[in-house]
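>>> sequence isn't available, so here's the structure alone:
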């Protein structure tokens, strides 16, 4: 049966519109705005770009989220494609601010996006009084139109000023940081539980400076939704990936999903239908220390890794991991 006639065609279309919407804003909407400058409608792009520069600091001051955008039915179709779920182990009190470590990065962070940037999994009902923000690369907010779309979903810049602003206001703010960053994307292959965390300690220092509680999370199934071609470190393709990251801030990954026509081995970019569950661990209270020592950072970093391992071990057998599988920190 052709893929577009299968029951999941609607979910697949909604999943496709997610990345295509950003491409459309960049390659269609922006050139169209420039075109309008040479027509009788020139005041429209002029007003927008004037406001764009006046509004430059908004992404670093909490953004401008839209409850309407976060509740679009498109996100529920994306949720149902895998499906994507969220599970809490402890309540998060709205009397505190939180810095949440999101693991693993995966290739497109479907789990983190659906849970923190939309209401598809009911985040506001599961954690009442908590306002989630998912941090991403700062340069995305320098792109006209794209920045508005990101902020509407509650995405914030991963820059230090943006995180400091959110954690110094509130209470009830939660900032999710994909700690492994884009480096973890190159290691995102099925059946792996390797995290880049051993030397990533800046988020702990930031949490201490604001007295924010640290919250570990792990998304089971995030690395299972795509197969990836992993290149040897001496290959020209790996060197290209490194150079690409140096220019754009993220890796050019070669990945693929399952064939949609079984009789024809044609691979696609549609993800595998693998359930994704984001387990939210118990918050780790931290004291507020304006200038934490390295020893203090090391102490709470070790406690955070222990809490993350505990969270993983508690849920791993329920979601496809073996009893002997462990997290590996690099």
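Sure, I can see it. All values reported here derive from a predicted model rather than from experimental measurement.
>>> please count neighbours and contacts with C-alpha atoms only from this point.
Fine.
>>> go ahead and name everything in contact with the longest helix seen in the chain.
Using DSSP state H to define each element, the chain has its longest helix at helix 294-315. Residues from elsewhere that reach helix 294-315 (Cα atoms under 8 Å, 6 or more residues apart in numbering): 201, 204-205, 208, 214, 216-218, 279, 281-282, 284, 286, 326-327.
>>> any buried residues in that helix, and which?
Buried residues in helix 294-315, counted by 16 or more other Cα atoms under 10 Å: 297, 300, 301, 304, 305, 307, 308, 309, 311, 312, 313, 315.
>>> what about the second one, distance to residue 204?
Applying Cα to Cα, to the nearest Å, one obtains 7 Å for the distance of residue 300 from residue 204.
>>> sorry, back to before: out of the contacts of helix 294-315, which are inside helices?
Going by DSSP H, the helices hold 204, 205, 208 from these.
>>> isn't the second one up against residue 292?
Yes - between residue 205 and residue 292 there is a contact under Cα atoms under 8 Å: 6.8 Å.
>>> follow-up on the earlier one: most widely separated two among the contacts of helix 294-315?
Greatest spatial distance in those: 208 and 326, 27.8 Å, computed using Cα to Cα.
>>> centroid-wise, who is the farthest residue in this protein?
Most distant from the centre of the chain: residue 40, at 40.6 Å, with distances by Cα atoms, centre = their mean.
>>> for that residue, give me its contacts.
Neighbours of residue 40 in contact, by Cα under 8 Å, 6+ apart: none.
>>> doesn't it belong to a strand?
No - assigned with DSSP: H, G, I helix; E, B strand; the rest coil, residue 40 falls outside any strand and is coil.
>>> the more surrounded of residue 208 and residue 326?
Neighbours per residue (other Cα atoms under 10 Å) separate residue 208 from residue 326, with residue 208 holding more: 25 against 15.
>>> now distance to residue 254 and pLDDT too, for the ones in helices among the contacts of helix 294-315, in a markdown table please.
Below are the ones in helices among the contacts of helix 294-315 laid out as a markdown table (distance: Cα to Cα, whole Å; pLDDT from 0 to 100):
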| residue | distance to residue 254 | pLDDT |
| --- | --- | --- |
| 204 | 32 | 97 |
| 205 | 34 | 97 |
| 208 | 38 | 97 |
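>>> now render these as CSV, adding distance to residue 25.
Shown next, in CSV, are the ones in helices among the contacts of helix 294-315 (distance: Cα to Cα, whole Å):
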residue, distance to residue 25
204, 35
205, 36
208, 38
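>>> where do the helices sit along this structure?
9-24, 30-36, 43-54, 67-70, 73-81, 110-116, 123-126, 146-152, 160-167, 202-210, 236-248, 294-315.
>>> please work out which of the ones you listed is packed deepest.
helix 110-116 (a mean of 24; mean count of other Cα atoms under 10 Å).
>>> what does that helix contact?
Residues contacting helix 110-116 (Cα under 8 Å, 6+ apart): 75, 78-79, 84-86, 102, 120-123, 132-134, 154, 219, 222, 276-278.
>>> and these, which are buried?
Buried among the contacts of helix 110-116 (16+ other Cα under 10 Å): 75, 78-79, 84-86, 102, 120-123, 132-134, 154, 219, 222, 276-278.
>>> per-residue pLDDT, residue 266?
On pLDDT, residue 266 comes in at 56.
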